[in-house]
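>>> return atomic coordinates for the entry below.
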Amino acid sequence: MKAFARLLDALAFQSARNGKLQLLQEYFATTPDPDRGYALAALAGDLKLRTAKPKLIRELVTERVDPELFRLSYDFVGDLAETAALMWPATEGHCDPDGSPGLTDIVEGLNRLTRSDTPEQIADWLDRMDATTRWGLLKLITGGLRVGVSARLAKTALAELGHVAVSEVEEVWHAFDPPYTEIFAWLEGRDPVPDISKAPTFRPLMLANPVDESELLAFDPTAYFAEWKWDGIRVQVVSQRDGNGTLQKRVYSRTGDDIGDTFPDILDGIDFEAVLDGELLVVRDGVVAPFNDLQQRLNRKRVDPKLLDTHPAHIRLYDMLVAAGEDLRDLPLRDRRVRLEDWFGKTQPTRFDLSPILDFSSWDALSKIRAGARDSGIEGLMIKQADSAYQAGRPRGPWFKWKRDPLLADAVLMYAQRGHGKRSSFYSDYTFGCWRQDSNGSDVLVPVGKAYFGFTDEELAQLDRWVRNNTTNRFGPVREVEPGLVFEVAFDSIHPSKRHKSGVAMRFPRIHRIRWDKPIEEADRLESLEALIE
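The predicted model follows:
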C-alpha cells in the first residue's frame, strides 16, 4: 500500500501528461503482481471494492481527536482523506510503515470483512501507516481517487510498458478481471497475445472532433456523410457466442463500462451476433424523448417494471464493427453502412433502428438543416468522411461534430464549494440562481445550476477571493455568499426537474463569462428559462 500511496501522491502533484505517464510506467514496471493489477484497476475505475462511507471515517477520527478541531481543520483543508490522514494520532510503537499491509491485503481483506468488523480493521490499518500511506488508503476506500489520471491514461501507460498501441490493450481489457495478471504477462513477453475470440469484449470507439462552418469550407461536401447527433449516450452493443456456444450479450458505454444490467429491455431484444455502434435513447411511439427521460434510467442498480414501461430504451444505430465474426473496421464507412443496412433489413431487431443519412449538396444547405436541430430536440450534426476506416480514439480529420449553438443566461452566484485535488484550497464549484417572485410578491433567487469550469486559473483566484470576502454563511466546505456577482452561463438545454427548488435543471452548464460589470438586478428571471424548456 505504501508504494501505491506514494504513486497517488506523486500523480496529484504532477500536472504534465508525460510526467504522469512516466510515474505510472515506473510503478507498473517495478511493482509485483497482484498489487500493480489492483492499482491499475483502481486508477481505471474498474476495481470492485467495498468502500467505506465518509461518515465512518469521520466517526473514527473524531473518536481519537477533538471533534471541533477536526471540523475546523476539514473546513479549511476541504479534503476528508487529507484531513483524516494528517490528524490521525500516531500510536506509540504501533506504527510500522515498512510492515504496513500491502495493496492486495487491503483490497482482498476489505471485501472479506463483515460490516461490523470494518471499522476496527480500518482503524488498525491506519494505526500501522504513516500519513501519506493513510491518505492513500482513505482515498482508495472512500472512492475518491482524483489524481488527474483517466482510465485511458492508465491504459496508455500500460500499453507503453509493453510497446503496443493503447487500442490493443483496450481490445483485451474486458476479457479479464483485476488484477490483470494475463495482460501483464502478455505485455512483458511471458505469454502470447490473449485470445479474446470467445469473449464479448469492447472495441474502442471512434470519436469526432468539434468543427465550425468556417473550417468545413475547406472540405468537399460530396466526400462526407451527415447524420443527426442524437441527444442520448453513445453505446456499443456486443453479442457473440462463447466457447460453449452460449450467446454473450453486452451493452457498453463510451468508456467501456458494462451498463447492460441497467437496460434489460435492450438485452432482451438482442438475438443476433454482431458488434454495433449507436446511441442509447428513450423512444416512445417512434419519438425520441428528451435526455432528461433517459437520465431516469441511468446509473440504477435495479430498474422496476414501471420504469421499463414508461421509459422504454432504444438504440439508434450508426455503424457496424463486426458482422458474423468478420471485423469490418478497416472497411470504408460507405461499405460499413451498406453492410449495416443489409443486416438490419434481414434481422429487424426489436428496440433498434438506423440513424438516417441526411441529404445535402453543400455546407450552406447542411447549415440550414442544422438550424432546425434545437426545434427537433437534437444536439446537432455528425459529419463523417465516407471513405474513413473505423479508428480507435479521436483521429483528426475523418469525423466531426457540429453541435447546435449553446443557450445563454445571466445568473447570480449563490453558493461556492471547495474543489478537489489541486483545487482543494479554492472555492471552485459554483451554484447560481435566477430571480422569481415569491408568495409575498418579492423577488428571490432560486438555484438553477452548478458549474466548475469555464474560467482560467487567474479568474479562479479572483473568484476565490471574491467568495471569501463576501461570505455570509458556512456549511462545512460550502459558503453562502452575498448576492453580488453575475455569471453568463452557457448550457445545452434545460429540462423540468422535481429535484430542484426552481423546478428546472440545466444540461452541461459552464461559465461562459464572468460579468463583473453587470448589476444582479439585470440577471435573468426563472420565467425566461422555463420558456426554453424543450
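
>>> please count neighbours and contacts with C-alpha atoms only from this point.
Will do.

>>> which positions in stretch 64-75 come out as buried?
For stretch 64-75, a neighbour-count test (16 or more other Cα atoms under 10 Å) marks 70, 73-75 as buried.

>>> give me the helices and strands touching the helix or strand hosting L11, please.
Per DSSP states H and E: L11 is located in helix 2-12. Counting by 3 or more Cα pairs under 8 Å, 6 or more residues apart in numbering; DSSP states H and E, the packing neighbours recorded for helix 2-12 are helix 17-30, helix 131-141.

>>> tell me which of those sits nearest to T201.
Counting by Cα to Cα, T201 lies closest to helix 17-30 out of the helices and strands packed on helix 2-12; the figure is 23.5 Å.

>>> and the closest one, what does it pack onto?
Against helix 17-30 (3+ Cα pairs under 8 Å, 6+ apart) you get helix 2-12, helix 151-162.

>>> off-centre distance for that helix?
23 Å (Cα atoms, centre = their mean, to the nearest Å).

>>> also stretch 503-511?
17 Å.

>>> got it, and stretch 250-270?
Using Cα atoms, centre = their mean, the offset of stretch 250-270 from its chain centre is 16 Å.

>>> please enumerate residues in contact with it?
200, 202, 204-205, 233-239, 249, 297-303, 308, 312-315, 349-351 (Cα atoms under 8 Å, 6 or more residues apart in numbering).

>>> buried subset of those?
200, 202, 204-205, 233-239, 249, 297, 303, 312-315, 351.

>>> filter these down to the ones in strands?
Cross-referencing the buried ones among the contacts of stretch 250-270 against strands under DSSP state E gives 233-239, 249, 313-315.

>>> before we move on, the earlier item: and the helix holding L11, how far out from the chain's middle?
23 Å.

>>> output it as PDB - backbone C-alpha positions only.
Output in PDB follows, covering the C-alpha atoms of helix 2-12 (Å, rounded to 0.1, in the frame of the first residue of the first chain):
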ATOM      1  CA  LYS A   2       2.900   2.300   0.700                       C
ATOM      2  CA  ALA A   3       4.100   2.200  -2.900                       C
ATOM      3  CA  PHE A   4       0.600   2.900  -4.200                       C
ATOM      4  CA  ALA A   5       0.100   5.800  -1.900                       C
ATOM      5  CA  ARG A   6       3.400   7.300  -3.000                       C
ATOM      6  CA  LEU A   7       2.300   6.900  -6.600                       C
ATOM      7  CA  LEU A   8      -1.000   8.700  -5.900                       C
ATOM      8  CA  ASP A   9       0.800  11.500  -4.000                       C
ATOM      9  CA  ALA A  10       3.200  12.000  -7.000                       C
ATOM     10  CA  LEU A  11       0.400  11.900  -9.500                       C
ATOM     11  CA  ALA A  12      -1.600  14.500  -7.600                       C
END
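
>>> tilt between it and helix 131-141?
80 degrees (axes from the mean of the first three to the mean of the last three Cα atoms, to 10 degrees).

>>> what angle sits between helix 2-12 and helix 17-30?
170 degrees.

>>> can you pull the contacts of W88?
Contacts of W88 (Cα under 8 Å, 6+ apart): 61, 64-65, 126, 131.

>>> adding distance to M506 and secondary structure as columns, could you present these in JSON lines?
What follows is the contacts of W88, written out as JSON lines (distance: Cα to Cα, whole Å; DSSP: H, G, I helix; E, B strand; the rest coil):
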{"residue": "V61", "distance to M506": "38", "secondary structure": "helix"}
{"residue": "R64", "distance to M506": "43", "secondary structure": "coil"}
{"residue": "V65", "distance to M506": "42", "secondary structure": "coil"}
{"residue": "L126", "distance to M506": "42", "secondary structure": "helix"}
{"residue": "A131", "distance to M506": "41", "secondary structure": "helix"}
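
>>> and those residues, which is closest to T114?
Distances from T114 to those, taken by Cα to Cα, are shortest for L126, at 18.2 Å.

>>> list the contacts of the closest one.
So L126 contacts 88, 134 (Cα under 8 Å, 6+ apart).

>>> for the stretch 201-350 of the chain, which segments count as strands?
Along the stretch 201-350 of the chain, the segments classed as strands by DSSP state E, counting those that start in this stretch run 209-210, 224-229, 233-241, 247-253, 274-284, 287-288, 313-323, 326-327.

>>> could I have the fourth one exported to PDB, CA atoms only?
Listed in PDB are the C-alpha atoms of strand 247-253, where the atom choice follows Å, rounded to 0.1, in the frame of the first residue of the first chain:
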ATOM      1  CA  LEU A 247     -24.800 -16.100 -26.700                       C
ATOM      2  CA  GLN A 248     -23.000 -13.400 -24.500                       C
ATOM      3  CA  LYS A 249     -24.600 -10.000 -24.700                       C
ATOM      4  CA  ARG A 250     -23.200  -6.700 -23.500                       C
ATOM      5  CA  VAL A 251     -24.100  -3.000 -23.700                       C
ATOM      6  CA  TYR A 252     -21.000  -0.900 -23.200                       C
ATOM      7  CA  SER A 253     -20.800   2.900 -22.500                       C
END
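
>>> relative orientation of it and strand 274-284 in degrees?
60 degrees.

>>> so how far is E59 from the residue nearest the centre of the chain?
Of all residues in the chain, the one closest to the mean position by Cα atoms, centre = their mean is T255, 7.8 Å from it. Look at T255 and E59: by Cα to Cα, to the nearest Å, they are 35 Å apart.

>>> now do Y390
52 Å.

>>> which one's more surrounded, those two?
Y390 (23 against 12; other Cα atoms under 10 Å).

>>> let me see the contact set for P312.
265, 282-284.

>>> would you list these in CSV and tack on distance to N209, pLDDT and neighbour count?
As requested, the contacts of P312 are arranged in CSV below (distance: Cα to Cα, whole Å; pLDDT from 0 to 100; neighbours: other Cα atoms under 10 Å):
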residue, distance to N209, pLDDT, neighbour count
D265, 32, 95, 18
V282, 26, 95, 25
V283, 27, 95, 20
R284, 31, 93, 14
